[in-house]
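# Quick one: sequence and predicted model below, then my questions.
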Amino acid sequence: MATKRLQSAARKPRADAQRNRDRVLEVAREAFTRLGADASLDDVAKQAGVGAGTLYRHFPTRDELLKAVYRSEVEKLASAEQKFAETLPPMEALRAWMLLFVDYIAKKKIIAPALNNLVGGPSKVFEASHDQIWEAIRALVKRAIKSGDIRKDLDPVDLLRALIGVANVATSPDWQQSARRLVDILITGSRPIK
């Protein structure tokens, strides 16, 4: 009997349940981006095409939904590294990922204040994402160094620090465009000196 319970607990969710969960996350991300962390969860459920019960079955609290949205964004960013590495030349893969990172920062800036209000703080949520992000940029830079497209002394952390710095001093609504230009400047400056 205990084995059956373990097997059912380890089973993947049904396809329709997974689609509902993914749709709720997508709609919630859009709602939190537009309206902040206080967006109506009933409206999220309605726009996702599910009942409130379905939303709360997947995400029992607003905090759980906020964390799940944040984790989902981090997972997309981390998995993009492998997709870009498989489909693009090393330098283009690095540039594409850095542009995606700028978009991630924009979303994080909206969701982070809500995460900061969670009981016990967001440190565990942020810690897990930190590792995934650093590993992704390290892999892309290592690949570009190996191909000869980037200087051997480049520290991948410097690239992220520059982009995060632009976001942290951003006082104008066009900081994202500035950060996108900075990606090209960083890419150009990372090339080997001839």
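That came through, no problem.

# Skipping its backbone neighbours, what lies nearest G51 in space?
Nearest residue to G51, sequence neighbours excluded (CB to CB, 6 or more residues apart in numbering): A45, at 6.2 Å. Placement of C-beta: from N, CA and C, glycine included.

# For the one you found, which residues are in contact?
24, 51-52, 54-55 (CB atoms under 8 Å, 6 or more residues apart in numbering).

# Now do the SS call for it.
Secondary structure, DSSP: H, G, I helix; E, B strand; the rest coil: A45 is helix.

# Now do it against Q82, distance only.
Separation of A45 from Q82 (CB to CB, to the nearest Å): 33 Å.

# again, but for A48
Counting by CB to CB, the gap from A48 to Q82 is 28 Å.

# More neighbours: which of these two?
Neighbours per residue, other CB atoms under 10 Å: of A48 and Q82, the larger number sits with A48, 21 against 13.

# close enough to count as contact, the more buried one and V24?
Yes. Here A48 reaches V24: they are 4.6 Å apart, a contact under CB atoms under 8 Å.

# Which neighbours do these two have in common?
Taking CB under 8 Å, 6+ apart as the contact rule, A48 and V24 both touch L55.

# For A136, grab the count of nearby residues.
Residues lying near A136 (other CB under 10 Å) number 24.

# Quickly find the element holding it.
Secondary-structure assignment from DSSP states H and E places A136 in helix 123-147.

# Sort out which residues of that helix are buried, please.
Of all the residues in helix 123-147, those buried under the rule 16 or more other CB atoms under 10 Å are 125, 129, 133, 136-137, 139-141, 143-145.

# Equivalent analysis for stretch 160-175, please.
160, 162-163, 166-167, 170, 175.

# domain assignment for the chain?
Using automatic domain parsing, the domain parsing of the chain gives 13-60, 70-194.

# name the helices or strands packed onto the helix holding A136?
If you count contacts as 3 or more CB pairs under 8 Å, 6 or more residues apart in numbering; DSSP states H and E, helix 123-147 packs onto helix 62-87, helix 90-116, helix 156-168.

# Let me have those in CSV, extended by distance to D38 and mean pLDDT.
Below are the helices and strands packed on helix 123-147 laid out as CSV (distance: least, CB to CB, whole Å; pLDDT from 0 to 100):
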stretch, distance to D38, mean pLDDT
helix 62-87, 9, 91
helix 90-116, 8, 81
helix 156-168, 23, 83
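
# okay, these in CSV with distance to R34 next?
What follows is the helices and strands packed on helix 123-147, written out as CSV (distance: least, CB to CB, whole Å):
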stretch, distance to R34
helix 62-87, 13
helix 90-116, 9
helix 156-168, 19
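
# looking at the ones you listed, which is closest to V183?
Evaluated with CB to CB, those place helix 90-116 nearest to V183, the distance being 4.6 Å.
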